[in-house]
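Student: only geometry, no sequence info:
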């Protein structure tokens with residue numbers, strides 16, 4: 001097995017294509033942290049993670065001073081061993097977002113390297129459950145968008161083959177949330193799936209008061225209604241709701257998902273491969289959810305998650321938010337379905353000239369064995 005001998009890291013700052021607002025924040029930019037690994041035989045793998053506008057330099061610093069130097073000389077195929085070694089060598093800073101984002105960039109690069117060496121795409125390497133997945137769109141459902149515009153976007157999405165949309169909620173009154181959701185339901189009919197996302201903005205009472213309205217509109221799920229560390233609150237809410245509670249984009253380890261599942265605090269898990277620490281822990285969460293008959297519907301990063309949702313049997317949806325089209329070839333689609341990449345590794349065709357041109361000044365560095 002060839003050892004890792006060289007790493008290169010850098011950051012590209014991508015501005016959102018549309019205004020993206022929710023009940024607690026606005027998406028400022030995608031600080032995209034890249035790690036490219038090279039082994040002793042010259043094979044390479046590229047991984048990445050992201051922030052929504054803050055913290056990218058901190059992730060790079062952890063990579064530069066701690067994680068990538070420790071990775072040098074390790075056997076590239078020992079992905080599980082590497083993941084655990086990196087976690088425990090920095091256990092005082094884990095579990096948390098900066099560590100998870102840094103670890104994810106490395107872990108995804110290792111899986112890309114493994115796939116390229118084996119000549120296999122990630123969805124086959126990690127399981128091979130299917131080769132396509134339905135998408136729902138979030139891009140036209142942001143909180144500032146008026147009801148009539150929500151309807152127009154959902155109608156346009158359905159014309160393209162999409163069978164679902166996500167609408168942000170968390171307006172000051174239930175009536176305002178109901179008006180937005182009701183307009184989409186009335187226009188799109190009973191067969192079109194509507195998901196909602198409150199982005200951790202509500203108290204337990206506010207969330208519970210919205211449950212009858214969500215049930216009446218046959219909403220697909222109620223995402224992040226409460227702060228992510230309120231497991232007991234989510235459990236009480238899920239016990240009183242026929243609408244599945246969805247959580248996961250703000251959880252950073254398989255153990256945190258295990259706590260939610262054990263306490264009956266969610267009906268859908270939404271592990272984000274970057275925020276949970278990479279492909280290795282993402283697959284653990286997916287299989288844990290499968291063992292409890294729970295679906296996994298990951299957050300964001302469609303260009304990477306498409307391979308993972310096609311690797312496992314319990315992933316019915318992919319979230320559509322385009323963000324990489326300026327630096328990579330567009331994800332393959334068939335109408336409202338995303339197609340699993342067939343190229344070896346992650347299957348993302350990066351535009352290397354654009355990556356070089358858009359690298360944030362002063363962010364790039366290299367680490368070498370010895």
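Tutor: Now that the structure is in, tell me what you want to look at. Given the structure is predicted, the values throughout are model-derived calculations rather than measurements. Numbers count the residues shown, from 1 in each chain.
Student: Secondary structure of residue 167: a strand, I assume?
Tutor: Yes: under DSSP: H, G, I helix; E, B strand; the rest coil, residue 167 sits within a strand.
Student: Surely it is in contact with residue 181?
Tutor: Yes: with contacts counted by C-beta atoms under 8 Å, residue 167 reaches residue 181, the gap being 5.9 Å. Heads up, the C-betas are built off the backbone N, CA and C, glycines and all.
Student: Assumed residue 319 was part of a strand.
Tutor: Yes: counting by three-state DSSP, one finds residue 319 located in a strand.
Student: what sits in contact with each of residue 167 and residue 181?
Tutor: 194, 196 (C-beta atoms under 8 Å, 6 or more residues apart in numbering).
Student: How confident was the prediction at the closest residue to residue 29 other than its chain neighbours?
Tutor: Leaving aside its sequence neighbours, residue 29 sits nearest to residue 53 (C-beta to C-beta, 6 or more residues apart in numbering; 4.6 Å). Here, the pLDDT recorded for residue 53 equals 90.
Student: Can you classify residue 53 as helix, strand or coil?
Tutor: Residue 53 ends up coil, using three-state DSSP.
Student: now swap in residue 60 and tell me
Tutor: helix.
Student: And for residue 32?
Tutor: Criterion first, three-state DSSP; result for residue 32: strand.
Student: Repeat that for the one 3 residues further on.
Tutor: Secondary structure for residue 35, judged by three-state DSSP, is strand.
Student: Now do it against residue 197, distance only.
Tutor: 29 Å (C-beta to C-beta, to the nearest Å).
Student: now swap in residue 134 and tell me
Tutor: In terms of C-beta to C-beta, residue 134 sits 18 Å off from residue 197.
Student: higher neighbour count, the two?
Tutor: Using other C-beta atoms under 10 Å as the criterion, residue 134 and residue 197 rank with residue 197 on top: 26 against 18.
Student: dump the residue contacts of the closest residue to the more buried one other than its chain neighbours.
Tutor: Nearest-residue entry for residue 197: residue 223, 4.0 Å, with adjacent residues in sequence omitted and distances by C-beta to C-beta, 6+ apart. Residues near residue 223 by C-beta under 8 Å, 6+ apart: 166, 195-199, 245-247, 270.
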